[in-house]
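Chemist: Using only what follows, build the 3D model:
(chains A, B and C)
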Amino acid sequence: MAYWLLKSEPDAWSFEQQVKKGAKGEPWTGVRNFTAKQNLKLMKKGEHAFFYHSNVGKEIVGIVEVIREAYPDPTDESGRFTAVDVKAVKPIPKPVTLVTLKGDPRFSEMALVKYSRLSVQPVTDREWRLICEMGGAGR
DNA sequence: GCCAACGTTGGC
DNA sequence: GCCAACGTTGGC
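Modeler: Have a look, this model is predicted:
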């Protein structure tokens, strides 16, 4: 079981909107970066990902689950890119901010801190556990 | 296949 | 709103 982190600008697609979609979930489209695409293709059904709000909030606000593995992104005319479907699992009661992660040496190697522009990132087991604890969410 | 130019992302 | 970082594109 791998863990992931998905970034979205809440003005475009927020965790609240994701929650409203319920169990049927929503396609995660619009990734136009090859590194991010590679990560999307590695995501397996049932794996969990953090939902991060970039620009507004700059914090991890929830957890989502992959319900459909990589398929061609319907919003990409060139056919080169990939989408997955995710559904909301639960919110993070106390969102964990980028500032917090940057200030904590335990996260100095985290992709979110080192490669802030990458929109689909892997998260290590340790990072996942720590952030869940800090956010007041169960695993 | 290199590399300069350009565009986009995202933190501040 | 600015600007740094960095990925992509396209000319050669």
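
Chemist: which residues does the residue lying closest to residue A:51 once chain neighbours are set aside form a beta bridge with?
Modeler: Distances taken as C-beta to C-beta, 6 or more residues apart in numbering put residue A:62 closest to residue A:51, at 4.2 Å, once the chain neighbours are dropped. For every residue, glycine as well, the C-beta is placed using N, CA and C. Following DSSP bridges, residue A:62 is listed with bridge partners residue A:51, residue A:91.

Chemist: count of neighbours near residue A:99?
Modeler: If you count neighbours by other C-beta atoms under 10 Å, residue A:99 ends up with 10.

Chemist: typed the wrong thing, it's residue A:72
Modeler: Quick note: residue A:72 (other C-beta under 10 Å) scores 12 neighbours.

Chemist: Could you give the bridge partners of it?
Modeler: For residue A:72, the residues forming beta bridges with it (DSSP bridges) are residue A:82.

Chemist: That one and residue A:57, how far apart?
Modeler: When distances are taken as C-beta to C-beta, to the nearest Å, residue A:72 and residue A:57 turn out to be 31 Å apart.

Chemist: Residue A:122 now?
Modeler: 22 Å.
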